[in-house]
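S.K.: have a look; sequence and predicted model below, questions after that.
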Amino acid sequence: MMIKKYFRLFNTIKFLKKRQLFFRLYYVVKKKYIQLSGKKPTYSKDSNSVSLTLVKSIHIVDSLLEKKNFTFLNLTKEFDNSIDWNYSNYGKLWTYNLTYFDFLSQEKIKNGDFLIENFIENIHSIQDGMESFPISLRGVNWIKYLSYNNINKKKINDNLYAQYYLLYENIEYHLLGNHLLENAFSLLFGAYYFQDSLLYEKAKKILLTELEEQILADGAHFELTPMYHQIMLFRVLDSINLIQNNQWKNRELLSFLLKKASFMLSWLNNITYNNGSIPLLNDSAEGIAPTSFQLQEYAKRLKIKMVNLKLKESGYRKVTNNQYECIVDVGKIGADYIPGHAHSDTFNFELKIKGEAFIVDSGISTYETNSRRNHERSTKAHNTVEIKGQNQSNVWAGFRVANRASITYLKEENTFIEATHDGYKNKGIYHTRKWNFLENSIIVKDTINKEVDAVARLHFHPSVTKHKILQHITVGSASFTLTQYQYTNKFNFLENAYMMEIPLTKELIISINIQA
């Protein structure tokens with residue numbers, strides 16, 4: 001058992017970049033040195049800020065319901081006397097959200113200054129909220145709030161400036177991906193607000209390099225999670241807003257960001273359903289990111305030109321007609337060196353019939369490292385084939401992936417998509433799935449290269465009844481069972497729905513009759 005764990009760890013680490021490994025070690029040693037030396041961080045730095053001009057951005061969801069009543073991730077906490085910025089009973093992600101200060105974008109917020117100043121008063125005792133990621137999000141939110149409301153308080157500015165230099169010294173090179181981009185977007189805001197060329201040069205260097213790598217040719221963010229794509233696009237649009245409306249550094253990043261935004265908008269338009277929702281692929285949930293409609297409207301306010309790219313490099317495909325919309329996954333699970341938001345879900349798909357959700361991704365409800373998180377990332381939790389009771393890709397520890405499935409064959413025409421993956425190659429097993437898209441039906445054919453014990457699963461939306469399932473789905477002479485599973489479309493929320501399990505050994509044909 002111990003040897004297996006070491007192999008899994010090795011098969012996880014081998015995908016990391018040398019840069020990640022170096023900075024993981026560097027930050028551990030640095031933290032230990034600071035603890036032993038007794039050196040305390042500085043939370044005030046003399047600053048000179050400028051008044052920024054910004055057009056209206058986006059507000060996602062009201063999370064501050066009353067003066068000290070906060071709701072994040074569908075969990076509410078009311079603080080009686082003072083705010084506990086380290087409150088951890090709801091998990092680390094909730095604590096992070098408390099310290100992001102996204103609630104400052106709420107309309108008619110009355111106590112924004114009080115909350116900022118209360119945070120500053122308690123900053124010496126704050127733990128999770130002083131990590132680089134929450135500093136990044138909080139910095140942008142503070143600057144936007146201060147700018148929109150023409151607030152210029154020396155105490156706040158000096159504290160914020162000190163936080164930016166903590167961020168500058170602790171950029172998340174050990175994580176990379178969306179974390180590194182969040183650091184860079186925030187440094188850009190800090191640079192403009194404080195007219196700081198050092199912060200600007202660091203932000204520019206990261207953005208030019210990382211957006212070039214992280215935004216694929218079809219416009220997708222390379223972590224392949226629609227929710228995070230929306231978030232990253234939001235940051236790009238905010239940065240365009242910042243540069244367009246403030247004269248500094250000759251707006252030298254503007255054309256680059258405009259191009260990336262147009263590509264990202266194209267991918268989002270392609271992946272978004274007609275009703276405005278996104279597929280809940282990988283770590284996607286509702287109520288976290290701006291909606292596709294909000295982002296499209298924001299882009300219009302910024303006068304961004306649209307392009308129309310085809311879905312390709314992201315591995316997602318969308319087939320639609322006037323009766324159904326179907327999104328399938330025939331790509332990589334995500335970026336090789338940062339697959340933390342990836343699931344073991346190769347050949348997963350979603351289907352809407354006449355605008356109504358029918359076959360769905362089962363969703364995510366938590367980021368806590370527990371059995372629920374493990375299940376929600378597993379092959380069993382997706383609309384694909386699980387072989388010998390094992391995952392296609394070795395997801396573990398909440399955000400880790402060891403060996404992972406790759407696409408070895410892909411062929412597509414107007415009426416079909418066919419692909420093979422090698423997630424079980426260590427057993428000499430290869431799974432091929434073919435979707436035939438007809439006007440009134442979709443035929444899904446699964447083929448395994450040798451006889452094995454396998455199970456195909458279909459997860460249905462909670463609104464879908466047994467009767468409707470039996471009307472629309474036929475599996476020939478194959479046996480099947482209908483059982484209940486727990487569906488989620490948002491954090492900390494579970495709802496009963498039906499799942500179809502169909503055993504197979506070598507081949508299976510599933511017919512989905514659209515007009516039933």
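M.R.: That came through, no problem. Numbers count the residues shown, from 1 in each chain.

S.K.: counting by contacts, list what the helix or strand where residue 497 lies packs against.
M.R.: According to DSSP states H and E, residue 497 maps onto strand 495-504. Contacting strand 495-504 under the criterion 3 or more CB pairs under 8 Å, 6 or more residues apart in numbering; DSSP states H and E are the following elements: strand 454-459, helix 466-472, strand 481-487. For the C-beta atoms, the positions are set from N, CA and C on the backbone; glycine is no exception.

S.K.: that strand pairs with which strands, parallel or anti?
M.R.: strand 454-459 (antiparallel), strand 481-487 (antiparallel) (DSSP bridges).

S.K.: what segments of the stretch 301-450 of the chain are strands?
M.R.: If DSSP state E, counting those that start in this stretch is used as the criterion, the strands of the stretch 301-450 of the chain fall at 316-320, 324-329, 349-353, 356-359, 385-387, 395-396, 400-401, 407-412, 416-424, 429-437, 441-448.

S.K.: quick check: mean pLDDT of the fifth one?
M.R.: Taken as a whole, strand 385-387 carries a mean pLDDT of 98.

S.K.: packing partners of it?
M.R.: With contacts defined as 3+ CB pairs under 8 Å, 6+ apart, strand 385-387 has these neighbours: strand 429-437, strand 441-448, strand 454-459.

S.K.: how is this protein partitioned into domains?
M.R.: In the domain annotation for the chain, the residue ranges read 18-301, 316-513 (automatic domain parsing).

S.K.: between the ones you listed, which gets nearest to residue 310?
M.R.: Nearest of the domains of the chain to residue 310, taken as CB to CB: domain 18-301 at 6.5 Å.

S.K.: how about the helices in this structure?
M.R.: 2-13, 18-37, 92-100, 112-121, 132-148, 154-169, 177-194, 197-214, 226-244, 254-271, 292-301, 371-377, 466-472 (DSSP state H).

S.K.: and residue 55, what is it in contact with?
M.R.: If a contact means CB atoms under 8 Å, 6 or more residues apart in numbering, then residue 55 has 241, 245, 301-302 as its contacts.

S.K.: residue 508 now?
M.R.: By CB under 8 Å, 6+ apart, residue 508 lies in contact with 385, 445-446, 456, 475, 478, 502.

S.K.: was I right about residue 365 contacting residue 495?
M.R.: No. Using CB atoms under 8 Å, residue 365 and residue 495 do not qualify as a contacting pair, with a distance of 9.9 Å.

S.K.: who touches both of those two?
M.R.: With CB under 8 Å, 6+ apart applied, the overlap between the contact sets of residue 365 and residue 495 consists of residue 488.

S.K.: format the helices of the chain as JSON lines; extra columns: mean neighbour count and mean pLDDT.
M.R.: Putting the helices of the chain into JSON lines (neighbours: other CB atoms under 10 Å; pLDDT from 0 to 100) gives the following:
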{"stretch": "helix 2-13", "mean neighbour count": "12", "mean pLDDT": "87"}
{"stretch": "helix 18-37", "mean neighbour count": "12", "mean pLDDT": "93"}
{"stretch": "helix 92-100", "mean neighbour count": "21", "mean pLDDT": "98"}
{"stretch": "helix 112-121", "mean neighbour count": "17", "mean pLDDT": "96"}
{"stretch": "helix 132-148", "mean neighbour count": "22", "mean pLDDT": "98"}
{"stretch": "helix 154-169", "mean neighbour count": "20", "mean pLDDT": "98"}
{"stretch": "helix 177-194", "mean neighbour count": "25", "mean pLDDT": "98"}
{"stretch": "helix 197-214", "mean neighbour count": "17", "mean pLDDT": "98"}
{"stretch": "helix 226-244", "mean neighbour count": "23", "mean pLDDT": "98"}
{"stretch": "helix 254-271", "mean neighbour count": "20", "mean pLDDT": "98"}
{"stretch": "helix 292-301", "mean neighbour count": "18", "mean pLDDT": "98"}
{"stretch": "helix 371-377", "mean neighbour count": "17", "mean pLDDT": "98"}
{"stretch": "helix 466-472", "mean neighbour count": "14", "mean pLDDT": "97"}
